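Asker: I'd like to go over a predicted model; first the sequence, then the structure.
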Amino acid sequence: MANTILIGAQWGDEGKGKIIDVLTAQRDIVVRSQGGNNAGHTVIHRGTTYILHLIPSGILRRGKVCVIGNGVVIDPVALVAEIEGLRKLGIAIGKNLLISDCAHLVLPYHRLLDEQRELGKGRAKIGTTKRGIGPAYGDKAARTGLRISDLMQPALFTKKLQAKVRENNSILQALGAQTVSFAEVNDAYLKAGATLRPFVVNTVVYLHRALQRGKEILFEGAQGTFLDIDHGTYPYVTSSNTTAGGACTGSGVPPHRMDCVLGVMKAYTTRVGEGALPTEDEDIAKMLHEMGREFGTTTGRARRCGWFDAVASRYAAMINGIDELAITNLDGLDAVDPIRICVGYRLHGKHLDVPPSDAAQLDACEPIYEEVRGWKTPTGAARKFSDLPLRARRYVRRLTELTGAKLRIVSVGPARAQTITL
Ligand code: GDP
Ligand code: IMO
Ligand code: MG
């Protein structure tokens, strides 16, 4: 599998963290290349739950190097808190973490602007994580952002910050919102910067040298295909390229060094935040929530849930060039019978087999379902594909056939051991 790009093939929270943790065992380096601490990746190991926001999920495996690449937006105060939190749980963080000097910073005014823009949109809000992600990437695209390299030069940082705080406070004031204190932000960020300094390098050079030495890299996607700024359900998306191409631009590793794209998808669909979800189903949501599942890792919000959507997964396979699939949370459907699979959309009497680009049109799409019989048997103890009930095997085979990629992994529970590799 060598250098593998792992991406979410749905709307995020597909179980990427768990699969990354499993696959890290056979890799040397894990790289995050986009997104910020809007991500929440869960790894459960030996009864402890670890939630990773900015640090790659490979950090739990000893001897592996984790890289936060140039395409990530970093809130340095949040990153320091995450490092300290992991250390308290007994995870050693030292030479195993590297941070790109080109990564952009998320500042407190980004978070306040994120919140204000959401308030201003009223019912048309995106339902962001309020981590300041959109405004931070906005500054990056406008070429007015501050980067980790600025933070590593305290006098320069302070000067640039002063101008940025002035500019953003006037915007916040005009919106009638709370403003930020330059002195407080400056102190907190310089303090965090000093803690992060030992980790900061040119990660592009590091990764290229590692590749020359034959090291194998796993690229950890954050969010999911339909939250991609270009290919997602715009404007109900995040602000980065969550699809496979983002792994190249966000790390500086060129496309021809990538060997495989692995798409992670749940055996059903979830989405947290606003925007179309054609297969949304209240009964499935109620059942999963009553099982204590499908609550957001970052914000605690209840995730919206629905049937598996093969129109979406086929499109995800196309955009990302998915070679292999990991299907997670199969056990979530253990009690469901019959099970529906969306195989097409109907829009104004027309049959569609790709999702429309317009958010309102996608919202108006009616799913066309095929129905299969459920297996009504717990699957959590299965360790081999042949351990799964016949109907469960048929179901995952059908999902992979409709998606058009090779089945590599089936996950039947959150723990490492609850993983079937084909
Ligand atoms: P990520 O953002 O893609 O890493 O996914 P999250 O961690 O936000 O959400 C996935 C949730 O599903 C977490 O609570 C995981 O522990 C859990 N999970 C992952 N795979 C499985 C699985 O196969 N079965 C069950 N029951 N839970 C799973
Ligand atoms: P992981 O990596 C699920 C969603 C938000 C909102 C939209 C924009 O854990 O899969 P943002 O704060 O990015 O501006 O919010 O994107 N969102 C996610 N949904 N999983 C995530 O990350 C998400 N990160 C952002 O809910 O709808
Ligand atoms: Mg998540």
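Answerer: The structure has been received and is ready for your questions. Ligands and ions are numbered 1, 2, ... in the order given.

Asker: quick one: the helices in this structure, in order.
Answerer: 16-24, 76-88, 108-121, 133-141, 148-151, 154-174, 182-196, 203-212, 245-249, 282-290, 310-320, 359-364, 390-403 (DSSP state H).

Asker: please list the residues outside the shortest one that contact it.
Answerer: With contacts defined as Cβ atoms under 8 Å, 6 or more residues apart in numbering, helix 148-151 is touched by 74, 76, 99-105, 156-157, 160, 189-190, 192-193, 196, 200. Where you see a C-beta, it was placed from the backbone N, CA and C, and this is true even at glycine.

Asker: now list the buried members of those residues.
Answerer: 74, 76, 99-105, 157, 160, 189, 192-193, 196, 200 (16 or more other Cβ atoms under 10 Å).

Asker: of those, which is the nearest to ligand 1?
Answerer: Lowest distance from ligand 1 to the buried ones among the contacts of helix 148-151 (Cβ to the nearest ligand atom) belongs to residue 74, with 17.9 Å.

Asker: and the stretch 251-400 of the chain, which residues reach ligand 3?
Answerer: residue 297 (Cβ under 5 Å from the ion).

Asker: what about the strands in the stretch 251-400 of the chain?
Answerer: Taking DSSP state E, counting those that start in this stretch, the strands of the stretch 251-400 of the chain run over residues 260-266, 269-271, 304-306, 308-309, 324-328, 339-347, 350-352, 366-372.

Asker: now the third one, how far from the chain's geometric center?
Answerer: The gap between the average C-alpha position of strand 304-306 and the chain average comes to 17 Å, counting by Cα atoms, centre = their mean, to the nearest Å.

Asker: just checking, what packs against that strand?
Answerer: strand 269-271, helix 282-290 (3 or more Cβ pairs under 8 Å, 6 or more residues apart in numbering; DSSP states H and E).

Asker: same thing with the second one?
Answerer: With contacts taken as 3+ Cβ pairs under 8 Å, 6+ apart, strand 269-271 sits against strand 304-306.

Asker: does any bit of the strand it packs on sit next to ligand 1?
Answerer: No - using Cβ under 6 Å from any ligand atom, we find that strand 304-306 stays clear of ligand 1, coming within 12.1 Å at best.

Asker: residue contacts, residue 20?
Answerer: Listed by Cβ under 8 Å, 6+ apart, the contact set of residue 20 reads 6, 30, 41, 43, 56-58, 218, 220.

Asker: how much space separates it from ligand 1?
Answerer: 8 Å (Cβ to the nearest ligand atom, to the nearest Å).
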